[in-house]
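Undergrad: let me see the structure of the following:
(one chain, ligands or ions: 2)
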Amino acid sequence: MSRRVAPPRGAVALVLALGLAAVAGCGATEASPPDAGAVAPPDAADLTGFPPMVVPADNPTTAAGVALGRQLYYDPRLSHDGTRACASCHRQDRAFSNPTTPGVLAHINLAWSRNFLWNGRVSGTLEDAMTMEVEGFFATDVTRLQAPDLEVLFEDAFGSPGVTTQRAAYALAQFQRTLVSADSRFDRYARGDLDALDDAERRGMWVFYSERAECFHCHATRLFTDNEFHNIGLDAEVAGTGRGAVTGEARDDGRFKTPTLRNVERTAPYMHDDRFATLEEVVDFYSEGPVDSPTLDTLIHLGGFGLTTEERADLVAFLRALTDDAFLENPDLGPP
Ligand code: HEC
Ligand code: HEC
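TA: Ligands and ions are numbered 1, 2, ... in the order given. Next comes the predicted model:
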């Protein structure tokens, strides 16, 4: 069967997408870090359907480690000039993105990421990503962090005195592993509460998981990202942009990291260059806007997926059902 032949309203695809995810549900137990006394991140999240979370053996998630990471995330002493914290640009009410800082990527379920930043400049574990961030922030000069209140937290977290860049990065990685969003209305629907989505949202879900709109191939699994890079046809001229700027390979030009769609209602403006202000504009783009270039993804239809006005509205309604208020308002993820 050709991929282009839509199954009845995408039913097969939906069953596959949700069904396979359910099989992987045992992964929830693998989310627990190996150490006794360690906390599973986060305690309350139902990770049914998520892929297993990989926690490096040398950085198990502990309550004291998370507490230090959270303190550092909100602490301006982390920055060169002592004026900015991570949270200055990454705001919880915006799913840890920011409407006014250009191109900020949200922090949602990054525990499952292996590629970081729009062009994948950093790959590996969260520890690698946080090391890059911390070094970028204070260029490995930790003197500002050698304050009594922080020294106590470092000792609690790592069992011996010492303030180092690596410890700061590892603690930030532990805190990141608690930024788990898994309780949107869509999640509740997928767990069996069939009233969690209204009619428009359910229709939008069928569009999302249909071969006509292709969304679920890239915004894949419960993470709503395949953690890969694609050129979705935003620009005709792509030489040296996106992933290509990192690898130097022409075949990577114009390819950017697939962002998760969880909480996407809160992460405007959209795309790596913030070119769309609203979800309606994004859906209009996919419906009629993609332009050709040498690396255009084969899943993208030139000239768009041709969705009807009603399908577009339904799709936007579905995207809004991915908002997870428990995540956006969880006091444990806010300033300490
Ligand atoms: C001045 C604003 C600003 C501050 C402060 C800031 N970030 Fe960011 N962050 C950004 C922007 C912009 C991006 C996207 C950049 C890109 O992809 O090229 C980003 C991306 C990221 C990503 C990649 C997310 C992904 O999906 O790949 C991580 C992780 C991250 N930041 C962590 C941090 C941490 C940790 C701190 C504090 C040490 C921090 N950021 C401070 C602006 C900021
Ligand atoms: C070929 C893979 C692919 C397909 C198919 C796809 N997307 Fe995307 N999507 C991406 C990538 C990659 C980006 C980021 C592009 C960029 O910024 O250059 C993105 C960005 C987005 C954004 C903006 C998110 C943000 O935080 O900026 C939304 C919303 C979105 N897609 C929704 C959809 C919907 C709805 C569909 C189906 C109609 C869809 N996507 C189909 C790969 C894809």
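
Undergrad: just the endpoints, please. Distance across stretch 322-335?
TA: 24 Å (C-alpha to C-alpha, to the nearest Å).

Undergrad: please disregard the earlier target; I meant stretch 118-130.
TA: 15 Å.

Undergrad: mind listing what's buried along it?
TA: 118-120, 122, 125-130 (16 or more other C-beta atoms under 10 Å). Quick note: C-beta positions are derived from backbone N, CA and C, even for glycine.

Undergrad: can you tell me if stretch 241-254 touches ligand 1.
TA: No - applying C-beta under 6 Å from any ligand atom, one finds stretch 241-254 separated from ligand 1 by no less than 10.1 Å.

Undergrad: residues contacting the residue nearest to L110 when sequence neighbours are not counted?
TA: Spatial nearest neighbour of L110, excluding adjacent residues (C-beta to C-beta, 6 or more residues apart in numbering): Q176 at 5.3 Å. With contact taken as C-beta atoms under 8 Å, 6 or more residues apart in numbering, Q176 is in contact with 69, 107, 110-111, 126, 130.

Undergrad: again, 7 Å this time
TA: Neighbour list for Q176: 107, 110-111, 126, 130 [criterion: C-beta atoms under 7 Å, 6 or more residues apart in numbering].

Undergrad: any chance of the residues you listed in JSON lines, plus distance to ligand 2?
TA: As requested, these are arranged in JSON lines below (distance: C-beta to the nearest ligand atom, whole Å):
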{"residue": "H107", "distance to ligand 2": "12"}
{"residue": "L110", "distance to ligand 2": "14"}
{"residue": "A111", "distance to ligand 2": "18"}
{"residue": "L126", "distance to ligand 2": "19"}
{"residue": "M130", "distance to ligand 2": "21"}
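
Undergrad: need the phi and psi values for the residue lying farthest from the centre of the chain.
TA: Centroid-distance maximum for the chain: P148 at 34.1 Å, with C-alpha atoms, centre = their mean. With angles defined as degrees, to the nearest 10, P148 sits at phi -50, psi -40.

Undergrad: domain ranges for this structure?
TA: 8-23+182-326, 32-180 (automatic domain parsing).

Undergrad: hmm, the shortest one in reach of ligand 1?
TA: Yes - between domain 32-180 and ligand 1, judged by C-beta under 6 Å from any ligand atom, the touching residues are 78, 84, 86, 88-90, 101, 103-105, 110, 116-118, 129-130, 133-134, 137, 172.

Undergrad: from the residues you listed, which ones fall inside helices?
TA: 86, 88-89, 129-130, 133-134, 137, 172 (DSSP state H).

Undergrad: hmm, which of these is lowest in pLDDT?
TA: Lowest pLDDT within these is found at F137 (78).

Undergrad: residue contacts, the residue nearest to G82 when sequence neighbours are not counted?
TA: The shortest distance from G82 to any non-neighbouring residue, by C-beta to C-beta, 6+ apart, is to P76 (5.5 Å). Shown in contact with P76 (C-beta under 7 Å, 6+ apart): 82-85.

Undergrad: got phi/psi on whichever residue of the stretch 201-336 of the chain sits closest to ligand 1?
TA: Ligand 1 sits closest to K257 of the stretch 201-336 of the chain, with a gap of 6.1 Å, by C-beta to the nearest ligand atom. When read as degrees, to the nearest 10, the backbone of K257 gives phi -60, psi 140.

Undergrad: then Y270?
TA: phi -110, psi 160.

Undergrad: could you number the chain from 806 rather than 1 from now on?
TA: From this message on, residue numbering opens at 806, which makes the last subject Y1075.

Undergrad: give me the distance between the spatially closest residue to it that is not a sequence neighbour and ligand 2.
TA: Leaving aside its chain neighbours, Y1075 sits nearest to F1081 (4.3 Å; criterion: C-beta to C-beta, 6+ apart). The gap separating F1081 from ligand 2 is 7 Å, by C-beta to the nearest ligand atom, to the nearest Å.

Undergrad: repeat for D863
TA: 32 Å.

Undergrad: which SS state does that residue fall under?
TA: Each residue gets one of three states, and D863 gets coil by DSSP: H, G, I helix; E, B strand; the rest coil.
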